[in-house]
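# structure of the sequence below:
(one chain, ligands or ions: 1)
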Amino acid sequence: MNKFKQKLIAFMIGRYGMDEMYFGLFGVWFVLTLINGFAKSTLLNMLSAAALTWALWRFLSRNHAKRRAENEKFLKLWRPLKNWLMFQRDRFRDRKTARYRKCKHCKAIIKLPNQKGKHTVRCPKCGERFDVRI
Ligand SMILES: [Zn+2]
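Predicted coordinates for the structure are as follows:
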């Protein structure tokens, strides 16, 4: 057992390992596998296997520079989507106590208490005042 452990450690030396894209590919694999549980599609099955293979291949890769560059490209796509999803979650969580409005001057999103009527609001980011209706 100790010999196996040493061989495994020697095998893993210099490997790229996990990053955000690795978890993203696992997420794609998981979602496709879940959908394919109902759809029973060969294409979905192949796509989920490809996502899993790609994740494992990247994990074992020794070309760190290329994997890092791939991860940067992935993050450029993932970050805006993740921020939007987090915002939707917050908006749903606060639906009874707050309303979210966009500043008319700097487009910042402002959280306001849920009080019906017309209000004048000062944007905490740019300092401009504008009217909102809740
Ligand atoms: Zn503003």
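
# check contacts around Asp131.
118-121 (C-beta atoms under 8 Å, 6 or more residues apart in numbering). From N, CA and C alone the C-beta is placed, and that goes for glycine too.

# contacts only, for Ile35.
Counting by C-beta under 8 Å, 6+ apart, Ile35 touches Leu44.

# typo on my end, Lys118
131-133.

# mind putting these in JSON lines, secondary structure and distance to the ion included?
As requested, the contacts of Lys118 are exported to JSON lines (DSSP: H, G, I helix; E, B strand; the rest coil; distance: C-beta to the ion, whole Å):
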{"residue": "Asp131", "secondary structure": "strand", "distance to the ion": "13"}
{"residue": "Val132", "secondary structure": "strand", "distance to the ion": "12"}
{"residue": "Arg133", "secondary structure": "strand", "distance to the ion": "17"}
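
# quick revisit: narrow the contacts of Asp131 to those that are buried.
The neighbour-count test (16 or more other C-beta atoms under 10 Å) applied to these identifies Val121 as buried.

# what's the helix or strand for Lys111?
strand 109-113 (DSSP states H and E).

# pairing partners for that strand, with directions?
strand 98-102 (antiparallel) (DSSP bridges).

# element containing the residue nearest the centre of the chain?
Most central in the chain under C-alpha atoms, centre = their mean is Lys82, positioned 3.8 Å from the mean C-alpha point. Per DSSP H and E: Lys82 is located in helix 64-93.
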